[in-house]
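Enquirer: here you go, sequence then predicted model.
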Amino acid sequence: MSITKIDMNSPEFINEMEKTVSFTDRVIKNLGLEYNPELTVNEGVQMGLARNKMMYNKRFCPCFMVEEVDGKHQSVDRRTCPCEPAKTKEIPETGSCHCGIFCTPEFAAKKRLELEEKEVVHTHSRGLTKEECELLVDQDEIDSSELSSLLEARRLGMVDFKLVDVREDMEWKMGHIDGADKLVPTSNFYQALEEASLDKNENIILYCHIGSRSAHVARILPDMGYIKVGNLTNGIVSYDGDINR
């Protein structure tokens with residue numbers, strides 16, 4: 001079975017995308033919520049929902065892996081948008097759903113202020129020593145500034161690792177971290193992993209949209225013999241470095 005790729009410019013996908021936007025509009029209206037002020041977050045989630053609808057005939061949450069159980073596809077943690085954990089726990093407690101598209105008005109207002117501040121103040125990650133690089137790249141969880149520093153250190157030849165995107169092909173085309181080495185989509189995970197030909201003894205850092213799929217993959221890989229696996233906490237939406245679009 002080949003790696004699944006959906007043409008984002010096809011009439012079928014454009015039609016499904018329009019239906020998905022109407023769907024998320026209804027969710028926003030019915031639950032009294034707002035969209036995330038960071039528009040790329042919303043577009044990425046909507047495209048993932050549309051893709052899953054085309055592939056599985058259900059709007060499975062794109063931030064969680066889809067697995068086949070007893071011949072049927074289902075989302076890990078049974079996440080189908082708008083999912084119950086988001087409505088009953090995540091949005092009331094944190095102000096947004098796990099994927100970040102659905103927000104309370106208060107959360108959205110705070111996010112707008114944060115985005116305005118980012119435009120005014122640009123911070124740079126501090127440089128790392130070789131010893132700091134070696135310690136950092138071995139961590140299970142890595143944040144945005146740490147990854148930026150590691151990518152800079154890798155360009156200088158101070159550390160070596162593979163940065164692996166586990167999102168889908170269309171998400172990669174929308175934008176991926178500058179310096180990402182491989183795309184291993186979770187929808188065709190085992191085949192894509194084999195084709196990626198990663199060394200099981202090298203350092204691997206994973207990322208996805210918001211950190212869920214990559215965290216799931218990070219739990220799987222050690223059981224397959226990969227011994228140095230890290231995860232970008234909170235995913236590409238938290239990354240403030242360069243993005244190739």
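Expert: Great, that's in hand. Given the structure is predicted, the values throughout are model-derived calculations rather than measurements.
Enquirer: CA only for contacts and neighbour counts going forward, please
Expert: Will do.
Enquirer: give me the contacts around the helix or strand bottoming out on mean pLDDT in the chain.
Expert: The helix or strand of the chain with the poorest confidence is helix 105-120; it has a mean of 80 (mean pLDDT, DSSP states H and E). For helix 105-120, the external contacting residues (CA atoms under 8 Å, 6 or more residues apart in numbering) are L33, E34, Y35, N36, P37, E38, G95, S96.
Enquirer: could I get the pLDDT score of the spatially most central residue of the chain?
Expert: The chain has H209 as the residue nearest its centroid, 1.4 Å off, counting by CA atoms, centre = their mean. You'll see H209 listed with a pLDDT of 93.
Enquirer: what's the answer for the one 5 residues further on, then?
Expert: You'll see S214 listed with a pLDDT of 95.
Enquirer: just the one 4 residues further on next, same as before
Expert: In this model, A218 is scored at 94, pLDDT.
Enquirer: strands of the protein, start to end?
Expert: 34-35, 66-69, 72-75, 102-103, 141-142, 162-165, 176-177, 182-183, 204-207, 229-232, 243-244 (DSSP state E).
Enquirer: as CSV, those strands with distance to I220 would be great.
Expert: Shown next, in CSV, are those (distance: least, CA to CA, whole Å):
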stretch, distance to I220
strand 34-35, 33
strand 66-69, 13
strand 72-75, 16
strand 102-103, 29
strand 141-142, 15
strand 162-165, 14
strand 176-177, 23
strand 182-183, 16
strand 204-207, 12
strand 229-232, 10
strand 243-244, 27
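Enquirer: dump the residue contacts of the residue nearest to the centre of the chain.
Expert: H209 neighbours (CA under 8 Å, 6+ apart): G44, C63, C99, R167, N234, G235, I236, V237.
Enquirer: now, among those residues, which is nearest to N203?
Expert: G235 (17.9 Å; CA to CA).
Enquirer: what is the neighbour count of S96?
Expert: 25 (other CA atoms under 10 Å).
Enquirer: wait, it touches T88, no?
Expert: No. The criterion here is CA atoms under 8 Å, and S96 misses it with T88 at 11.1 Å.
Enquirer: show me this protein divided up by domain.
Expert: Per automatic domain parsing, the domain ranges recorded for the chain read 11-120, 130-244.
Enquirer: output those domains as a markdown table; include the columns distance to K5.
Expert: A markdown table is the format used below for these (distance: least, CA to CA, whole Å):
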| stretch | distance to K5 |
| --- | --- |
| domain 11-120 | 10 |
| domain 130-244 | 6 |
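Enquirer: who touches stretch 175-186?
Expert: 65-66, 151, 162-169, 172, 192-193, 196, 213, 236, 241-245.
Enquirer: in it, what's buried?
Expert: Neighbour counts using 16 or more other CA atoms under 10 Å place H176, I177, G179, A180, K182, L183, V184, P185, T186 of stretch 175-186 among the buried residues.
Enquirer: next, give me the two most distant ones among the residues you listed.
Expert: Using CA to CA for every pair in the buried residues of stretch 175-186, the one that comes out farthest apart is G179 and T186, at 19.8 Å.
Enquirer: which non-adjacent residue is nearest G32?
Expert: Sequence neighbours aside, T104 is the residue nearest to G32 in space, at 7.7 Å (criterion: CA to CA, 6 or more residues apart in numbering).
Enquirer: that neighbour and K29 touch, don't they?
Expert: No. No contact is recorded between T104 and K29 when judged using CA under 8 Å, the distance being 11.5 Å.
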